[in-house]
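Chemist: Here is the input, now give the coordinates:
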Amino acid sequence: MSLLINKKKYSSLHFVGILGSGMSAIAQYLTWSSVQVSGSDRLINTETTKYIQDTLESIGCRIYKQDGSGIMADTEGLVLSTAIEDSNPDIAKARRNNIPVFHRSDVLAAIVNTKKTIAVAGTSGKSTVAALTFHLLSSCGKKPSLISGGNLNELVERGFIGNAYHDTSDLLVIEADESDGSLVKYKPYISIFLNLSKDHKPVTETLQLFHSLAKQSSHVFCNYDDRSLRSIQPTQRFGLNNKADLFPDTTKLHDTSSSLILGKDTFTTPFPGKYSLYNLLAALTICKFLDCDSNSLSKSSETYKGIQRRFNCYKTAKGVTIIDDYAHNPEKINAILETVQNISPVIYALFQPHGFAPTRFLLPELIEVFKNRLRESDVLYLLPIYYAGGTVNKDISSMDIAEGLHPGRGEVITPGHRDDVISHIASRAKPGDIVISMGARDPSLPEFARSIAAAIDK
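Modeler: Okay, here's the model as predicted:
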């Protein structure tokens with residue numbers, strides 16, 4: 001099979017940074033579609049990416065070092081993400097050989113054009129709503145495909161990486177990413193807008209991108225409760241507010257689940273927090289529009305198993321709960337801290353900023369969310385900023401966040417190395433306490449959370 005990109009067919013593509021979540025998802029989907037796929041990555045043959053690499057190779061992807069060796073005579077196109085710098089050896093060789101270079105979004109846009117695509121947009125919750133929508137549609141027999149940024153636990157249990165799936169219907173669920181502005185390239189059947197806050201770009205700039213995507217979509221759904229989205233003209237609005245087109249009659253929040261009632265039907269997701277209600281309602285809005293049976297949706301909502309690094313819990317024998325979560329922007333941090341604070345009177349919150357530029361851009365908002373959200377009983381560990389490599393300006397540190405929190409509530413600690421906090425927490429955490437590790441991009445964070453759990457149980 002070949003893929004039509006910019007009016008030309010390609011049957012052999014090489015992915016630079018293929019082990020990344022967004023790149024590996026597209027690589028899998030194309031391989032399953034009989035496109036020849038190869039790739040390279042700076043993290044090749046490392047423990048944190050071994051499973052991804054092994055799985056990609058098992059389905060037919062060829063993986064190389066990032067030294068240009070993966071660019072072959074039959075390579076027709078090179079695919080890269082925004083994170084890849086021009087100095088990369090693969091890019092240099094491709095240009096010497098006059099091989100076209102595409103952004104990841106160009107390839108995803110080409111795939112979108114081949115399907116009845118559902119694009120999930122928003123500055124928070126994209127991965128979860130895409131995963132939950134895929135799960136519900138699958139359970140209702142709609143046989144959708146998926147290209148996502150998060151690994152679904154139900155797919156991981158079946159031997160997949162978890163961020164992609166290829167099925168037989170014309171339905172495809174994707175995440176529409178605003179971080180690099182690429183979502184304006186998509187022309188989906190459905191676009192759903194979850195929320196809007198400052199994250200990768202200023203709110204006004206992101207809103208313009210959302211407007212562009214909405215205009216290119218056949219059907220548009222919007223969260224009525226987010227006032228920042230009110231200027232988008234949707235097909236339907238959903239929300240907890242009864243002025244929305246689709247809203248629940250009642251809602252219930254529990255320590256381990258969230259539920260809502262629509263008419264005679266109760267829908268429950270096995271994850272806590274008000275934000276979980278919005279994620280569930282968004283997915284239901286899509287599935288009801290696509291004529292899914294309400295009884296089937298009610299049953300399948302309870303069996304959703306979540307995504308890796310989205311409220312992943314590790315229970316210790318000593319009664320302390322460790323949570324690993326992808327929260328990295330102020331809105332996500334606020335939502336997750338609010339959720340766990342409603343469950344436990346003592347929270348040990350660990351935050352690892354996911355880059356120097358994001359920390360610099362979001363510094364005032366990060367200070368504000370921690371200052372407003374921390375309680376006297378809480379402890380905040382501001383870990384060193386994660387460095388993913390490449391050329392960056394390191395003129396900011398987690399200490400800048402800490403300085404903005406004084407005077408304030410709770411205890412704020414800035415360790416020199418994140419491993420320093422493991423024994424510190426293990427010596428202090430008591431039964432009923434919650435430890436939550438927050439951060440993005442770093443593939444070693446799940447193991448870090450497990451290390452804390454192991455130390456507590458020593």
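Chemist: so residue 226 makes contact with residue 210?
Modeler: No. In this structure residue 226 lies outside contact range of residue 210 using Cβ atoms under 8 Å: 10.9 Å. Where you see a C-beta, it was placed from the backbone N, CA and C, and this is true even at glycine.
Chemist: and for those two, which residues touch both?
Modeler: By the contact definition Cβ atoms under 8 Å, 6 or more residues apart in numbering, residue 226 and residue 210 are jointly contacted by residue 196.
Chemist: what about residue 78, which helix or strand?
Modeler: strand 77-80 (DSSP states H and E).
Chemist: List the neighbouring strands of that strand plus their orientation.
Modeler: Each strand that pairs with strand 77-80, with its direction, by DSSP bridges: strand 12-16 (parallel), strand 101-103 (parallel).
Chemist: tell me which residues in the helix or strand following that strand are buried?
Modeler: Moving toward the C-terminus from strand 77-80, the next helix or strand (DSSP H and E) is helix 89-96. Buried residues in helix 89-96, defined by neighbour count with 16 or more other Cβ atoms under 10 Å: 89-91, 93-94.
Chemist: can you list those residues in a markdown table and add distance to residue 173?
Modeler: Output for the buried residues of helix 89-96, formatted as a markdown table (distance: Cβ to Cβ, whole Å):
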| residue | distance to residue 173 |
| --- | --- |
| 89 | 35 |
| 90 | 30 |
| 91 | 30 |
| 93 | 35 |
| 94 | 31 |
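Chemist: check contacts around residue 276.
Modeler: 258, 269, 339.
Chemist: if we go to 7 Å?
Modeler: For residue 276, the contacting residues are 258, 269, by Cβ atoms under 7 Å, 6 or more residues apart in numbering.
Chemist: can you check residue 99 too?
Modeler: Residues near residue 99 by Cβ under 7 Å, 6+ apart: 71, 75, 77-78.
Chemist: what about residue 7, neighbour count?
Modeler: Using other Cβ atoms under 10 Å, residue 7 has 5 other residues around it.
Chemist: count of neighbours near residue 192?
Modeler: Using other Cβ under 10 Å: residue 192 sits among 30 other residues.
Chemist: So what sits opposite it in the bridge?
Modeler: residue 120, residue 221.
Chemist: Residue 284 is in contact with that one, correct?
Modeler: No. Applying Cβ atoms under 7 Å, one finds residue 192 not in contact with residue 284, separated by 11.0 Å.
Chemist: Please identify which helix or strand holds residue 174.
Modeler: Per DSSP H and E: strand 171-175 holds residue 174.
Chemist: Name the residues of stretch 23-40 that are buried.
Modeler: Buried residues in stretch 23-40, counting neighbours by 16+ other Cβ under 10 Å, are found at 23-32, 35-40.
Chemist: Now do that stretch: everything it contacts.
Modeler: 1-3, 11-18, 52, 56, 59-66, 70, 81, 90, 104, 107-108, 111, 145, 147-148, 161, 163-164, 166.
Chemist: Strands along the stretch 1-150 of the chain, start to end?
Modeler: Under the criterion DSSP state E, counting those that start in this stretch, strands of the stretch 1-150 of the chain are mapped to 3-5, 8-10, 12-16, 36-40, 62-64, 77-80, 101-103, 116-121, 145-147.
Chemist: What residues sit buried inside the fifth one?
Modeler: Buried positions in strand 62-64, judged by neighbour count with 16+ other Cβ under 10 Å: 63-64.
Chemist: Partner strands of that strand and their direction?
Modeler: Short version: by DSSP bridges, strand 62-64 pairs with strand 36-40 (parallel).
Chemist: Could you check the pLDDT of the residue nearest the centre of the chain?
Modeler: For the chain, the residue nearest the mean C-alpha position is residue 127 (4.3 Å; Cα atoms, centre = their mean). Note for residue 127: predicted pLDDT of 96.
Chemist: Excluding chain neighbours, what is closest to it?
Modeler: Residue nearest to residue 127 in three dimensions, not counting chain neighbours: residue 150, with 3.4 Å by Cβ to Cβ, 6 or more residues apart in numbering.
Chemist: The one you found and residue 129 touch, don't they?
Modeler: No. In this structure residue 150 lies outside contact range of residue 129 using Cβ under 7 Å: 10.3 Å.
Chemist: who has more neighbours, these two?
Modeler: Of the pair residue 150 and residue 129, residue 129 is the one with more neighbours under other Cβ under 10 Å, namely 27 against 21.
Chemist: looking at the strands paired with strand 77-80, which is buried most?
Modeler: strand 12-16 (a mean of 25; mean count of other Cβ atoms under 10 Å).
Chemist: what's residue 340 in contact with, if anything?
Modeler: Residue 340 makes contact with 323, 347, 434, 436 under the criterion Cβ under 7 Å, 6+ apart.
Chemist: And these, which is closest to residue 404?
Modeler: residue 347 (19.6 Å; Cβ to Cβ).
Chemist: for the one helix or strand residue 297 maps to, which positions count as buried?
Modeler: Using DSSP H and E, residue 297 sits within helix 294-301. Buried residues in helix 294-301, counted by 16+ other Cβ under 10 Å: 294, 297-298, 300-301.
Chemist: coming back round to it: between residue 226 and residue 210, point out the one with more neighbours.
Modeler: A side-by-side neighbour count of residue 226 and residue 210, using other Cβ under 10 Å, places residue 210 first with 25 against 18.
Chemist: hang on, isn't that one packed against residue 121?
Modeler: Yes. Checked against Cβ under 7 Å, the pair residue 210 and residue 121 is within contact range at 6.2 Å.
Chemist: Domain parsing of the protein, as residue ranges.
Modeler: Structural domains annotated on the chain: 3-103, 115-301, 312-456, as defined by automatic domain parsing.
Chemist: what's the most buried one of the ones you listed?
Modeler: domain 115-301 (a mean of 20).
Chemist: distance between the ends of it?
Modeler: By Cα to Cα, to the nearest Å, the extent of domain 115-301 from end to end equals 25 Å.
Chemist: again, but for stretch 199-206
Modeler: Stretch 199-206 has an end-to-end distance of 9 Å (criterion: Cα to Cα).
Chemist: now it: how far from the chain's centre is it?
Modeler: On the basis of Cα atoms, centre = their mean, to the nearest Å, stretch 199-206 is displaced by 17 Å from the centre of the chain it belongs to.
Chemist: Likewise for stretch 371-379?
Modeler: 26 Å.
Chemist: Grab the CA positions of that stretch and hand them over as PDB.
Modeler: What follows is stretch 371-379, C-alpha atoms only, in PDB (Å, rounded to 0.1, in the frame of the first residue of the first chain):
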ATOM      1  CA  LYS A 371       0.300  28.600  45.700                       C
ATOM      2  CA  ASN A 372      -3.500  28.300  45.500                       C
ATOM      3  CA  ARG A 373      -3.700  24.500  45.600                       C
ATOM      4  CA  LEU A 374      -1.200  23.500  48.400                       C
ATOM      5  CA  ARG A 375      -2.500  22.900  51.900                       C
ATOM      6  CA  GLU A 376      -0.600  23.200  55.100                       C
ATOM      7  CA  SER A 377      -0.400  19.400  55.400                       C
ATOM      8  CA  ASP A 378       1.000  18.900  51.800                       C
ATOM      9  CA  VAL A 379       4.600  18.600  50.800                       C
END
